[in-house]
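**Student:** build me a model:
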Amino acid sequence: MRMAQAGPVRSTSLDEQLCFALYAASRAMTSCYRPMLDALDLTYPQYLVLLVLWERGESTVTGIGQALQLETGTLSPLLKRLEAAGLITRARQAGDERSVLVSVTAAGRGLEAQVAQAQVDVGGATGLSPAEIGELRETLQLLSHRLRAAAGAR
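**Tutor:** Numbers count the residues shown, from 1 in each chain. Below you'll find the model as predicted:
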């Protein structure tokens, strides 16, 4: 009895790729924020740093990196630009010279209300209800957790 030979394995088309759908959605989300952030002279990564600081208060560079899932080397230039703009301060911790504490300045705190409006505007632009946004966020967080776990298992 002869077995049928399988044809060559083919990759999935671009439009069927989950990774591409996530990439395209991420770019679209960032593009939606861009005009509002440009008006505040912020980049999207700088906006994320400020979100962490507004939420948590004074934080170490390591803590911010963990919250944003960024390496310190990626974060340092962002922090330098935010500090040069007068939106944050950085200071070495007295007890541990290796640890740097980051704080929001009054000018940085002053952007929070404008950013909150941008969040409302972008949320509206999605066309999703608050419940749908919550479900999507939870699904994406679960996906991220599983993919990080799988990458760590290799």
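**Student:** distance between the ends of stretch 106-120?
**Tutor:** In stretch 106-120, first residue to last residue: 23 Å (C-alpha to C-alpha, to the nearest Å).
**Student:** buried sites along that stretch?
**Tutor:** 108, 111, 115, 118 (16 or more other C-beta atoms under 10 Å). All C-beta spots, glycine's among them, are computed from the backbone N, C-alpha and C.
**Student:** and stretch 90-102, by the same measure?
**Tutor:** For stretch 90-102, a neighbour-count test (16+ other C-beta under 10 Å) marks 100-102 as buried.
**Student:** ends of it, what's the gap?
**Tutor:** Taking C-alpha to C-alpha, stretch 90-102 runs 5 Å from one end to the other.
**Student:** and the strands in the chain?
**Tutor:** Applying DSSP state E to the chain gives strands spanning 59-60, 88-92, 100-104.
**Student:** give the other helices and strands that the first one contacts.
**Tutor:** Using 3 or more C-beta pairs under 8 Å, 6 or more residues apart in numbering; DSSP states H and E as the contact criterion, the secondary-structure elements in contact with strand 59-60 are strand 100-104.
**Student:** and the strand it packs on, how far out from the chain's middle?
**Tutor:** How far strand 100-104 lies from its chain's middle: 19 Å, per C-alpha atoms, centre = their mean, to the nearest Å.
**Student:** state the mean pLDDT of it.
**Tutor:** For strand 100-104, the mean pLDDT works out to 94.
**Student:** sorry, back to before: any idea which of the strands of the chain gets closest to Gln66?
**Tutor:** Of all these, it is strand 59-60 that lies closest to Gln66, at 9.1 Å by C-beta to C-beta.
**Student:** point out where the chain drops to low pLDDT.
**Tutor:** For the chain, the stretches with pLDDT under 70 are 1-7, 97, 154.
**Student:** burial count for Ser59?
**Tutor:** Using other C-beta atoms under 10 Å, Ser59 has 20 other residues around it.
**Student:** got a list of what it touches?
**Tutor:** The neighbourhood of Ser59, defined by C-beta atoms under 8 Å, 6 or more residues apart in numbering, consists of 52-53, 67, 101-102.
**Student:** which pair of the residues you listed spans the longest distance?
**Tutor:** Farthest pair in the contacts of Ser59 (C-beta to C-beta) is Ala67 and Leu101. Separation: 14.5 Å.
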